[in-house]
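*Asks:* Provided below are the primary sequence and the corresponding predicted coordinates.
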Amino acid sequence: MTRTAGFLISLLVACLATAPAHAEGPFERWAAVVVAGDFRAHSGGATEAFDNARRDVSRSLTALGFPAPAQFSTRPKRYPSQGVAASDPKSIQAGLALAAETSPDGCFVYITSHGAPEGVVMGEKILRPQRLAAMVDAACPGRPSIVVISACFSGVFVPALERDDRMILTAARPDRTSFGCGESDRYPYFDDCFLSEIGKARDFAALGGAVQACVARKEVETGMTPPSEPQVWIGPELRPLLPLFAFAKARKPAPAPAARPSPAGN
């Protein structure tokens, strides 16, 4: 070996030894579950809106540095390349528990479906607020959690889910419908706004307000009444911590393309 080659090798070894370690992103140890709870449009026909949202919300979370979310659909065989399981409450509970075991820093749950005053549609069943709260409590005790529910009447989930270390974002008040689940819709209104705003917001607290404003604009533009009024609730222990989970410290997803508006409620 020549003296020059030996010097270059020594220099390379020194550089590798002093290189900074990989900086872990704020969501790399967060468990994530994304669920499409129905495939039917308001008309009774089929729609891809919920599964489109399920797929693209998962992509956006991965772009922010989350581990690959566990995904659930009522038609899992339709998406063989996406690693999707069936949208059954027991399966979702097991998937969340498993993800939380391997990613212990926080939990993120996103559900998009039709809703009712009793809860959110999950296939042929209704997932009620108390059951979802028990699922999240059991899988994610003592850690920050964010629960997002895109469905009509989804504000009914807020009281049951409230915890000091939790954020809740819903598509509507407890007594209001949300919009955008027609057969030709790309996404429901709320999911469209979530996807378009996540690439712009600084953190989840700012994202909640941005989604509220976006939904209000879309409803005014398309003449949808009464307004759905998405709800945001942030526990007192989590609120000062959310800036630490800043999207600027993670990889920002690109805003989703605009969805085609529809007057259908979901």
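*Replies:* Arrived safely, thanks for sending.
*Asks:* just give me the residue right at the centre of this protein.
*Replies:* Residue closest to the average C-alpha location in the chain (CA atoms, centre = their mean): residue 110, at 3.9 Å.
*Asks:* what helix or strand is residue 94 on?
*Replies:* Using DSSP states H and E, residue 94 sits in helix 89-102.
*Asks:* now residue 138
*Replies:* Secondary structure assignment for residue 138, by DSSP H and E: helix 129-139.
*Asks:* just checking, what packs against that helix?
*Replies:* Helices and strands touching helix 129-139, as assessed by 3 or more CB pairs under 8 Å, 6 or more residues apart in numbering; DSSP states H and E, comprise helix 89-102, strand 106-112, strand 119-122, strand 145-150, helix 158-161. Bear in mind the C-beta positions are built from the backbone N, C-alpha and C, glycine included.
*Asks:* deepest in the core, which of the ones you listed is it.
*Replies:* Comparing the helices and strands packed on helix 129-139 by mean neighbour count (mean count of other CB atoms under 10 Å), strand 145-150 ranks first with a mean of 28.
*Asks:* residues in contact with that strand?
*Replies:* 53, 106-113, 115, 120, 132, 136, 157, 161, 163, 165-171, 178, 188, 190-191, 194, 204, 266 (CB atoms under 8 Å, 6 or more residues apart in numbering).
*Asks:* can you list the strands that that strand pairs with?
*Replies:* When pairs are called by DSSP bridges, strand 145-150 turns out to pair with strand 106-112 (parallel), strand 166-170 (parallel).
*Asks:* can I get those in a markdown table with mean pLDDT and distance to residue 46?
*Replies:* As requested, the strands paired with strand 145-150 are arranged in a markdown table below (pLDDT from 0 to 100; distance: least, CB to CB, whole Å):
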| stretch | mean pLDDT | distance to residue 46 |
| --- | --- | --- |
| strand 106-112 | 98 | 15 |
| strand 166-170 | 98 | 25 |
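*Asks:* export those strands as JSON lines, with columns for distance to residue 241.
*Replies:* Shown next, in JSON lines, are the strands paired with strand 145-150 (distance: least, CB to CB, whole Å):
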{"stretch": "strand 106-112", "distance to residue 241": "10"}
{"stretch": "strand 166-170", "distance to residue 241": "10"}
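*Asks:* mind checking how far the longest helix along the chain is from the chain centre?
*Replies:* Counting by DSSP state H, the longest helix found in the chain is helix 204-222. Centre-to-centre, helix 204-222 and its host chain are 16 Å apart (CA atoms, centre = their mean, to the nearest Å).
*Asks:* report the angle between that helix and strand 145-150.
*Replies:* 10 degrees (axes from the mean of the first three to the mean of the last three CA atoms, to 10 degrees).
*Asks:* what helices or strands is the helix holding residue 94 leaning on?
*Replies:* Applying 3+ CB pairs under 8 Å, 6+ apart, one finds that helix 89-102 makes contact with strand 30-36, strand 70-73, strand 106-112, helix 129-139.
*Asks:* for residue 221, find the nearest of these.
*Replies:* Ranking the helices and strands packed on helix 89-102 by their distance to residue 221 (criterion: CB to CB) puts strand 106-112 first, at 21.3 Å.
*Asks:* can you give me the mean pLDDT across whichever helix or strand comes after that closest one?
*Replies:* Once the chain leaves strand 106-112, the next helix or strand it forms, by DSSP H and E, is strand 115-116. Here strand 115-116 scores 96 as its mean pLDDT.
*Asks:* cool, stretch 183-197 as well?
*Replies:* Averaged across stretch 183-197, the pLDDT comes to 96.
*Asks:* the chain should start at 32 in everything you say after this.
*Replies:* Sure, I'll start numbering at 32, so the last one becomes stretch 214-228.
*Asks:* mind listing what's buried along that stretch?
*Replies:* Residues 214, 216-228 are the ones in stretch 214-228 that count as buried (16 or more other CB atoms under 10 Å).
*Asks:* among those residues, which ones are in strands?
*Replies:* Per DSSP state E, strands hold no members of the buried residues of stretch 214-228.
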